[in-house]
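Novice: pasting the structure only:
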DNA sequence: ATCCTACCTTCCACTCTTGACAGGTCAATG
DNA sequence: CATTGACCTGTCAAGAGTGGAAGGTAGGAT
């Protein structure tokens, strides 16, 4: 459902073609709600069909500039004020952390080290972005900057957390690798309960 | 791709039926990688077909307990050590922040207030969870706790960020509502460029 | 003895997302 | 003039995730 509103939101700022929108998705929204061409054009079609968006101008090579309609703006406002955001968050990084037990403590800390490294790199990239953009006092500047700050804080958290986790594992290694070997043997016993299909 | 490895990871801990796995997904992995019945059973079927998992025992009412095979364990290790995690993160919350400009500053701060509230509530829920579980020194305890700590820190960040954002908006409101009205009029002009379809 | 509840698996229809492919036009450069 | 590159729209196949329906069994409580 969110992609629909992302498109509406961008068109609320100013009218644009699918091509224009793609550039916006690749720049400003890349870290918040990525989207592909097929999605954007598809969504524009659906929005036009339902009257929340309409072709405001046609340009050179088949270019169609879309503008949000009153209906679309109403829908956007309704989404922002009267619906609960979908807060389900999937984190492959954390999923992996859950299963770090199948590795040796050394391998586990190596993984977390890469996480810390990634977060640090990602954070400096955001800082560079912050320096690049010229922040005016328009909506996109004010509110986009709030998002950027969130990203900055998140990457800081990520790095510090990863370093903290490494310390913890090194302070109290969960289990010796030898015990893991034992467990593998146990599993093999299980497997003999029934012959392979 | 990750769901496959989530299932493998859980089965690496101990063998289980689809039903058992569902309970694990609802409890331990709920905040990290949610999954539905259809997904879990489907994935078990595919994993069994590819030999990474096999039926270790059959129980009372059609119950089938699956166990990870050596192949599956190898795949799990490979995933953990030799592949890059998918770090794309979608945040509907932040997406909305980008478009807060279509609302009045008052409405915008109200939204962020709800975010702060949600984060606070969510954080105390995690703290309660932390108190409930008895943390041993096994893998799931050690590594699961690292994930929980991440969640705790994230919710703290979320709340503080939302409060900070509210302050910022109140200190320097982006634009008066009156100007937004003007903009709507401009958009109406655009719409007259072409009659509705 | 019956009924309820928890247990347990399987299938389906739908939307979202990805990645790639196909096709075409304008503008400038050599 | 021919080629190149940026511009611009569209479609399709396949996988991932959602939500719910269907259908059946074992065990315990009344």
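Specialist: Thanks, I have it. No experiment lies behind these values; they were computed from the predicted model shown.
Novice: The helix ranked longest in chain A - contacts with which helices or strands?
Specialist: The longest helix of chain A (DSSP state H) is helix A:139-171. Helices and strands touching helix A:139-171, by 3 or more CB pairs under 8 Å, 6 or more residues apart in numbering or on different chains; DSSP states H and E, are helix A:105-132, helix B:92-98, helix B:139-171. Every residue, glycine included, has its C-beta placed from N, CA and C.
Novice: swap the cut-off to 10 Å and go again
Specialist: On a contact count with 3 or more CB pairs under 10 Å, 6 or more residues apart in numbering or on different chains; DSSP states H and E, helix A:139-171 meets helix A:2-13, helix A:92-98, helix A:105-132, helix B:92-98, helix B:105-132, helix B:139-171.
Novice: out of those helices, nearest to DNA strand C?
Specialist: helix A:2-13 (3.8 Å; CB to the nearest atom of the strand).
Novice: Also compute the angle for that closest one relative to helix A:139-171, please.
Specialist: In terms of direction (axes from the mean of the first three to the mean of the last three CA atoms, to 10 degrees), helix A:2-13 departs from helix A:139-171 by 140 degrees.
Novice: And the next helix or strand past helix A:2-13?
Specialist: helix A:18-26 (DSSP states H and E).
Novice: mean confidence for that next one?
Specialist: What helix A:18-26 shows for mean pLDDT is 94.
Novice: Quickly check: it near DNA strand D or not.
Specialist: Yes: Helix A:18-26 reaches DNA strand D (CB under 7 Å from any atom of the strand) through A:18-20.
Novice: Now do residue A:76: how many residues are near it, please.
Specialist: Residue A:76 has 22 neighbouring residues, counting by other CB atoms under 10 Å in any protein chain shown.
Novice: That one sits in which helix or strand?
Specialist: Residue A:76 is part of helix A:70-82 when elements are defined by DSSP H and E.
Novice: Need the pLDDT of the residue of chain A found nearest DNA strand C.
Specialist: Relative to DNA strand C, the nearest point of chain A is residue A:38 (3.0 Å; CB to the nearest atom of the strand). On the pLDDT scale, residue A:38 is placed at 95.
Novice: residues near it, how many?
Specialist: Neighbours around residue A:38, by other CB under 10 Å: 8.
Novice: ok now the one helix or strand it maps to, how far from the chain's centre?
Specialist: Secondary structure from DSSP H and E places residue A:38 in helix A:37-49. Centroid displacement of helix A:37-49 relative to its chain, using CA atoms, centre = their mean, to the nearest Å, is 21 Å.
Novice: Which helix or strand lies directly C-terminal to it?
Specialist: With DSSP H and E, the next secondary element past helix A:37-49 is strand A:53-58.
Novice: Now do that following strand against helix A:70-82, angle only.
Specialist: Computed with the same axes, to 10 degrees, the direction of strand A:53-58 lies at 130 degrees from that of helix A:70-82.
Novice: After strand A:53-58, which helix or strand is next? Please name it.
Specialist: strand A:64-68.
Novice: Other residues contacting that next one?
Specialist: A:7-21, A:41, A:44, A:47-48, A:52-59, A:72, A:74-76, B:102, B:186-191, B:193-194 (CB atoms under 10 Å, 6 or more residues apart in numbering or on different chains).
Novice: wait, isn't residue A:53 in contact with residue A:40?
Specialist: No: taking CB atoms under 10 Å as the definition, residue A:53 is not a contact partner of residue A:40, at 11.8 Å.
Novice: intersection of neighbour lists for the two?
Specialist: With contacts taken as CB under 10 Å, 6+ apart, residue A:53 and residue A:40 have residue A:7 as neighbours in common.
Novice: of these two, who's got more company?
Specialist: residue A:53 (25 against 22).
Novice: any idea what sits nearest residue A:137, other than its immediate chain neighbours?
Specialist: Closest residue to residue A:137 apart from its sequence neighbours, by CB to CB, 6 or more residues apart in numbering or on different chains: residue B:174 at 6.5 Å.
Novice: and what of residue A:54?
Specialist: Closest residue to residue A:54 apart from its sequence neighbours, by CB to CB, 6+ apart: residue A:69 at 5.6 Å.
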